[in-house]
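Student: The following comprises the amino acid sequence and a computationally predicted model.
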Amino acid sequence: MSAKKESTADLIADSAHVREEMLKKYPPKVARRRAKQIVINKVEQAEQVPEILANTRTIPGILTMRGCAYAGCKGVVLGPTRDILQITHGPIGCGFYSWLTRRNQTRPKGDGDPNFMTYAMSTDMQEEEIIFGGEKKLKKAIEEAVELFHPKAIGIFATCPVGLIGDDVHSAAREMEEKYPDINIFAFSCEGYKGVSQSAGHHIANNKVFSDVVGQLEKPKEGEFRFNILGEYNIGGDAFEIERIIDACGMTLHSTFSGNSEYEEFASAHTADLNVVMCHRSINYMADMMEKRYGIPWFKINFIGAAACAKSLRKIADYFGDEKLIERVKKVIAEEMVEVERVRQEVRERCEGKTAMLFVGGSRAHHYQELFKEIGMTTMSAGYEFGHRDDYEGRKVLPSITVDADTRNIEELTVEADPARYRPRQDEAAVAGLQEKDLRLGDYEGMMPDMLDNTLIIDDLNHHEAEVLMERYKPDVFCAGIKEKYVIQKSGVPLKQLHSYDYSGPYAGFRGAINFYREMDRLVNSRIFKYVKAPWEKNPELAGSYVWNK
Ligand code: CFM
């Protein structure tokens with residue numbers, strides 16, 4: 001019987017068999033490990049969900065979707081800032097492949113404002129440096145960069161060989177800072193092999209930006225209702241749409257970490273009155289540390305999905321508690337929703353009942369389910385490449401997460417209240433009022449409570465498991481990244497890149513939602529993919545086997 005004839009509900013109900021199918025190919029030891037990372041969802045009272053194994057090493061031999069710590073630090077967290085001059089200390093490939101492939105955009109405020117994002121800067125390490133050390137070349141690169149650009153700040157990013165040969169990037173940074181006292185120069189020990197995925201790089205980036213940048217400048221932005229967005233990276237222009245909406249609401253976006261951002265906005269971020277967290281995975285450390293040192297509360301928001309965006313705006317307005325602001329936000333939402341609703345209804349007619357799967361890094365596999373729900377599509381299975389248990393099960397599990405050697409490898413900063421600058425932003429009564437309004441400060445409930453019972457939640461999905469999912473579920477759209485794209489499309493299912501958005505976007509906010517609805521409509525209702533014949537279906541397949549010398 002072909003999978004298409006079964007209803008989506010039947011397919012989801014049968015997830016135990018799909019899971020078995022995935023596991024039976026593995027040797028027993030591997031199967032035991034993977035069994036803990038392939039979980040059948042069940043949401044009980046008080047958002048209780050099953051435990052999942054996450055943030056552990058990929059088993060050697062498995063084709064993972066993950067990236068490295070350098071990617072998480074340089075590419076993800078720092079990459080979208082436009083005026084921190086970034087130097088990759090390493091062989092040229094690391095710098096080149098982390099250069100704008102994520103489609104993070106930026107918009108300098110004036111013509112004369114620096115924008116270093118259009119450059120890929122690297123020490124281009126050679127054999128000579130691997131043998132005799134690369135610090136000299138790094139310092140020369142910094143001198144050259146200063147001569148050319150004289151930036152406000154320079155970030156140095158270590159790649160694998162730097163750690164292996166023992167170059168001290170931090171002392172090089174200190175030395176050069178003495179030489180150029182008006183430039184903030186800092187280095188990241190984000191060698192690719194640190195930790196088990198790019199998640200380690202996020203943490204390393206958070207630590208350094210917190211210790212060396214935030215709090216360096218006492219320059220609050222002018223305007224009312226000042227807050228920071230943490231974990232928004234302006235992929236495909238998302239930040240521009242979010243900025244447009246916040247502006248319309250009359251609120252002041254102090255700084256975004258790090259989409260469309262500037263150094264000085266980071267340096268003075270501690271003067272804002274609230275942090276809202278978009279991507280919990282990549283930046284929750286910063287939110288916690290800023291709360292401890294400066295007293296800035298945070299809560300989770302999501303600008304992906306029109307309803308989620310509206311809800312997030314209402315939450316921010318409620319936090320500030322100003323009646324005029326609350327009214328204005330309501331008005332903006334009402335105005336924006338007219339066009340959103342028109343397109344949504346039209347698209348929904350054609351998309352209702354279709355199915356999707358989402359396997360993205362750490363947050364989008366959760367956030368994008370909102371958009372699918374809005375056009376009547378069901379998420380049959382989802383997972384993160386490198387999320388932690390709290391991204392799946394909610395922050396309530398944080399105390400029970402076991403810290404292994406890989407995690408211990410990443411420094412955990414001890415942060416205390418700043419004696420002069422710690423300032424509670426709300427009194428106790430106000431905080432109690434917020435909790436009543438279901439505004440959960442410092443919390444994230446995770447992805448699993450939002451998913452249907454019996455859906456498969458898969459951590460660090462690999463190629464073999466993706467094939468089983470495709471065969472059994474035949475989704476109408478598969479959401480993942482470039483490494484998966486062509487394998488999936490060759491089997492006749494459209495793949496939407498939720499990392500780079502392919503060539504499209506924005507998808508955040510209200511106009512972003514409209515873009516996404518339209519694009520999904522075109523993808524899931526186009527018949528073109530059904531005509532795709534995979535090469536192995538058209539031509540005889542070459543098969544081989546190994547003969548082992550006994
Ligand atoms: Fe956060 Fe991201 Fe994501 Fe991420 Fe990423 Fe990304 Fe991502 Mo690609 S910061 S965890 S490390 S939302 S680059 S903008 S799309 S894997 S799901």
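Tutor: Cool, got the structure.

Student: only C-alpha atoms for contact and neighbour calcs from this point on.
Tutor: Fine.

Student: Can you show me the helices along the stretch 201-350 of the chain?
Tutor: 238-248, 263-267, 280-294, 306-320, 323-351 (DSSP state H, counting those that start in this stretch).

Student: gap between stretch 362-374 and the chain center?
Tutor: Here the centre of stretch 362-374 is set off from its chain's centre by 12 Å, with C-alpha atoms, centre = their mean, to the nearest Å.

Student: Would it count as contacting the ligand?
Tutor: Yes - for stretch 362-374, a contact with the ligand is found by C-alpha under 6 Å from any ligand atom, at 362-364.

Student: Alpha carbons of the helix-or-strand element of the chain with minimal mean pLDDT, in PDB - could you do that?
Tutor: Using mean pLDDT, DSSP states H and E, the weakest-scoring helix or strand in the chain turns out to be helix 535-538, at a mean of 80. This file holds the C-alpha atoms of helix 535-538, laid out as PDB (Å, rounded to 0.1, in the frame of the first residue of the first chain):
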ATOM      1  CA  PRO A 535      19.000   8.800 -11.300                       C
ATOM      2  CA  TRP A 536      18.800   5.400  -9.800                       C
ATOM      3  CA  GLU A 537      15.300   4.900 -11.000                       C
ATOM      4  CA  LYS A 538      16.200   5.800 -14.600                       C
END
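
Student: ok, back up a step: which one of the residues of stretch 362-374 next to the ligand has the most neighbours?
Tutor: S363 (25 neighbours; other C-alpha atoms under 10 Å).

Student: was I right about it contacting R281?
Tutor: Yes - counting by C-alpha atoms under 8 Å, S363 touches R281, with 6.5 Å between them.

Student: overlap in contacts of these two?
Tutor: By C-alpha atoms under 8 Å, 6 or more residues apart in numbering, S363 and R281 have these common neighbours: 387, 391.

Student: residues contacting the residue in the stretch 151-300 of the chain that the ligand sits nearest to?
Tutor: Nearest residue of the stretch 151-300 of the chain to the ligand: C279, at 4.6 Å (C-alpha to the nearest ligand atom). C279 makes contacts with 230-232, 362-363, as judged by C-alpha under 8 Å, 6+ apart.

Student: Now the phi/psi pair for it, please.
Tutor: For C279, the backbone dihedrals (degrees, to the nearest 10) come out as phi -90, psi 100.

Student: one step back: so of the contacts of C279, which two are at opposite extremes in space?
Tutor: L230 and G362 (14.3 Å; C-alpha to C-alpha).

Student: From the residues of stretch 362-374 next to the ligand, which land in helices?
Tutor: The members of the residues of stretch 362-374 next to the ligand that map onto helices under DSSP state H are R364.

Student: just the residues of stretch 362-374 next to the ligand now: which is nearest P449?
Tutor: Using C-alpha to C-alpha, S363 comes nearest to P449 of these, at 14.2 Å.

Student: Tell me the residues of the chain that contact the ligand?
Tutor: Counting by C-alpha under 6 Å from any ligand atom, the residues of the chain close to the ligand are 72, 76, 233, 279, 281-282, 360-364, 498-499.

Student: picking up where we left off before, mind putting the contacts of C279 into a markdown table with distance to R527?
Tutor: Formatted as a markdown table, the contacts of C279 follow (distance: C-alpha to C-alpha, whole Å):
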| residue | distance to R527 |
| --- | --- |
| L230 | 40 |
| G231 | 36 |
| E232 | 34 |
| G362 | 31 |
| S363 | 30 |
